[in-house]
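Student: model the following, please.
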Amino acid sequence: MTEVLTRDEAVRPADEATVAPPRRVGRFDYKWVALAVVLTGTIMTILDATIVNIAIPTLQTDLHAASYSDIAWVVTGYLLAQGAVIPMTGWATDRFGTKRLYLVTIALFTLASMACGIAQNLPELIFFRVLQGIGGGMLMPIGMTIILQAVGPQQMGKVMGIFGVPMLLAPALGPVLGGWFVQDFTWRLIFYVNVPIGIIGFIAASRYLIESRVTRGLRLDGFGMLAATPAVIALMYAVDRSTTLGWSSSLVLSLLGVAAVFFTAFVLSQLRRRRLATQLMLPLAAGTLIAGIAFGIADGWASINSVTMFGAAVLAAIGIPLGLRGTDEPLLHLELFKDRTFSWAMVLSLLIVTVMFGSMLLIPLYLQEVHGYNALQTGLLLLPQAVTAAFAMPLGGMLTDRIGPRPVVVGGMILLAVGSVLLLRRWRVCRGSTHRARPASRTACSALAHPSASRCW
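Tutor: Below you'll find the model as predicted:
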């Protein structure tokens, strides 16, 4: 991120702490060493996401969760924390350096994983999962920054193709390992497995990574951070509550309104229209305060609905003095979206990630709850799709370097759409049958869809 952003002249880069990455580390080129180190942390975070999904039914039973909505917070809390910290990652890497921040986040993720393993009840597990999300949410963008700085843009296609193989093998191994741990041992192993990986990644990063350029005097955009984080959390919480309350419920509508106002204020602040963004905070604070009082009278003052609205009112009130303060360097440089190629790449990335990672939670639940497969069988059924994608990922990277991204992206999106439709039709046939669906049919369709998405990356 540092390579593409402009800084005010008042910001002075550090001197002694900044060194250029060496071209070789021992007998190996530094870019491959950096890639291997970053992959350790990346694999750990992706493995954790997929390995936990397979254990959701078991966690619901062992932790005595009243409903799926309660146990789903094990996943939702993790995702909320990830979304909350991502906006400040760019500033943090510029201010403290990629290596230093990478070490902090991988240590946090490892310690939180150990804490999840020893959790005794659902609230404890959710709290430690939030800590995991804070570390995991920053590991991926920091790792991508390290790779970009080590490799340069010319070879990113080839490197990302190689980078994608372990990223797709982790979702394949996650369900299998998770099913094995849950069925033959204990669900706590799904968190303990991160500890040795995290220790190895921490040691390797501390020894081999080179610190990036550190920017002294760079102030955090406090108003932008305050607006972005509640916007993401309110939106995700609204989507989560809509599954039980419906989209027309007062809480969901209130959360969507809060998310919209915070997001609008964030965009305005990043476009350096701070005064207008600050003016939105006053009606937001008043509206959420009134909503909190209404929820408190109806549901009780300690209800989650009332507390949520009062929390939004407090954040909006804090945003007023922050917005009236001097303009800081924005968290995101939205002028990058003036580039049509960049904008379309972001749109396609959103669509692909939604299709790929949205299914990682739903498919394991579908196979276990609807078709009655156990955890290990479910993991084995999900294995072919990731193995097939692992072969397609390097091919997509090499083709991108040779013929450009457009034909690769178009071909990948077509295959992704066709595979998803075939998979949907197969599941509809399965729902109308009294027998279990053939595993090969499901996994073959899924394997057709996911490699195409990997090519687009």
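
Student: how does the chain divide into domains?
Tutor: Following automatic domain parsing, one finds the domains of the chain at 21-214, 219-328, 338-456.

Student: now tabulate those domains in CSV and tack on mean pLDDT and mean neighbour count.
Tutor: C-beta here means a position set from N, CA and C on the backbone, and glycine is covered the same way. Putting the domains of the chain into CSV (pLDDT from 0 to 100; neighbours: other Cβ atoms under 10 Å) gives the following:
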stretch, mean pLDDT, mean neighbour count
domain 21-214, 80, 20
domain 219-328, 86, 18
domain 338-456, 66, 17
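
Student: host element of residue 41?
Tutor: In this assignment (DSSP states H and E), residue 41 forms part of helix 30-53.

Student: show me what secondary structure element comes after that helix.
Tutor: With elements assigned by DSSP H and E, the helix or strand that comes after helix 30-53 is helix 56-62.

Student: using PDB, write down the CA coordinates of stretch 288-304.
Tutor: Coordinates of each C-alpha in stretch 288-304 appear next as PDB, following Å, rounded to 0.1, in the frame of the first residue of the first chain:
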ATOM      1  CA  THR A 288     -30.100   6.200  17.600                       C
ATOM      2  CA  LEU A 289     -30.600   7.600  21.100                       C
ATOM      3  CA  ILE A 290     -34.400   7.800  20.400                       C
ATOM      4  CA  ALA A 291     -34.300   4.200  19.000                       C
ATOM      5  CA  GLY A 292     -32.400   3.000  22.000                       C
ATOM      6  CA  ILE A 293     -35.000   4.500  24.400                       C
ATOM      7  CA  ALA A 294     -37.800   2.900  22.400                       C
ATOM      8  CA  PHE A 295     -36.100  -0.500  22.400                       C
ATOM      9  CA  GLY A 296     -35.400  -0.100  26.100                       C
ATOM     10  CA  ILE A 297     -39.000   0.500  27.000                       C
ATOM     11  CA  ALA A 298     -40.200  -2.300  24.800                       C
ATOM     12  CA  ASP A 299     -37.500  -5.000  25.400                       C
ATOM     13  CA  GLY A 300     -35.700  -3.900  28.600                       C
ATOM     14  CA  TRP A 301     -32.800  -1.500  29.100                       C
ATOM     15  CA  ALA A 302     -30.300  -4.400  29.100                       C
ATOM     16  CA  SER A 303     -31.600  -5.900  25.800                       C
ATOM     17  CA  ILE A 304     -29.200  -6.300  22.900                       C
END
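
Student: other residues contacting that stretch?
Tutor: 250-251, 254, 258, 305-310, 312-313, 316 (Cβ atoms under 8 Å, 6 or more residues apart in numbering).

Student: with stretch 221-232 instead?
Tutor: With Cβ under 8 Å, 6+ apart, stretch 221-232 has contacts from 80, 83-84, 87-88, 91, 258-259, 262-263, 265-266, 269-270, 274, 277-278, 312, 315, 318-319, 322-323, 325, 328-332.

Student: mind checking which of those are in helices?
Tutor: 80, 83-84, 91, 258-259, 262-263, 265-266, 269-270, 274, 277-278, 312, 315, 318-319, 322-323 (DSSP state H).

Student: nearest to residue 377, of the contacts of stretch 288-304?
Tutor: Ranked by distance to residue 377 (Cβ to Cβ), these are led by residue 251 at 38.1 Å.

Student: secondary structure class of the closest one, three-state.
Tutor: helix (DSSP: H, G, I helix; E, B strand; the rest coil).

Student: tell me which stretches of this protein form strands.
Tutor: 12-13, 24-25, 28-29, 215-216 (DSSP state E).

Student: so what strands line up beside the third one?
Tutor: Spelled out, it's strand 28-29. strand 24-25 (antiparallel) (DSSP bridges).

Student: for the closest residue to residue 316 other than its chain neighbours, list the residues it contacts.
Tutor: Residue nearest to residue 316 in three dimensions, not counting chain neighbours: residue 285, with 3.8 Å by Cβ to Cβ, 6 or more residues apart in numbering. The contact partners of residue 285, taken as Cβ under 8 Å, 6+ apart, are 313, 316, 317, 320.

Student: quick check: the farthest pair among those residues?
Tutor: Taking Cβ to Cβ, no two of these sit farther apart than 313 and 320, at 11.5 Å.

Student: out of the contacts of residue 285, the closest to residue 127 would be?
Tutor: Closest to residue 127, out of all of the contacts of residue 285 and judged by Cβ to Cβ, is residue 313, at 23.9 Å.

Student: which residues does that closest one contact?
Tutor: 284, 285, 286, 288, 289, 292.

Student: pull the contacting residues for the third one.
Tutor: What that stands for is residue 286. Counted by Cβ under 8 Å, 6+ apart, residue 286 has contacts residue 313.

Student: give me the distance between it and residue 227.
Tutor: Counting by Cβ to Cβ, to the nearest Å, the separation of residue 286 from residue 227 is 17 Å.

Student: could you do residue 113 as well?
Tutor: 31 Å.

Student: what about stretch 272-290, start to end distance?
Tutor: Using Cα to Cα, to the nearest Å, the end-to-end distance of stretch 272-290 comes out at 30 Å.

Student: how close does residue 31 sit to residue 150?
Tutor: 4 Å.

Student: residue 109 too?
Tutor: From residue 109 to residue 150 the distance is 22 Å (Cβ to Cβ).

Student: then residue 339?
Tutor: Per Cβ to Cβ, residue 339 is found 24 Å from residue 150.

Student: got it, and residue 73?
Tutor: 37 Å.
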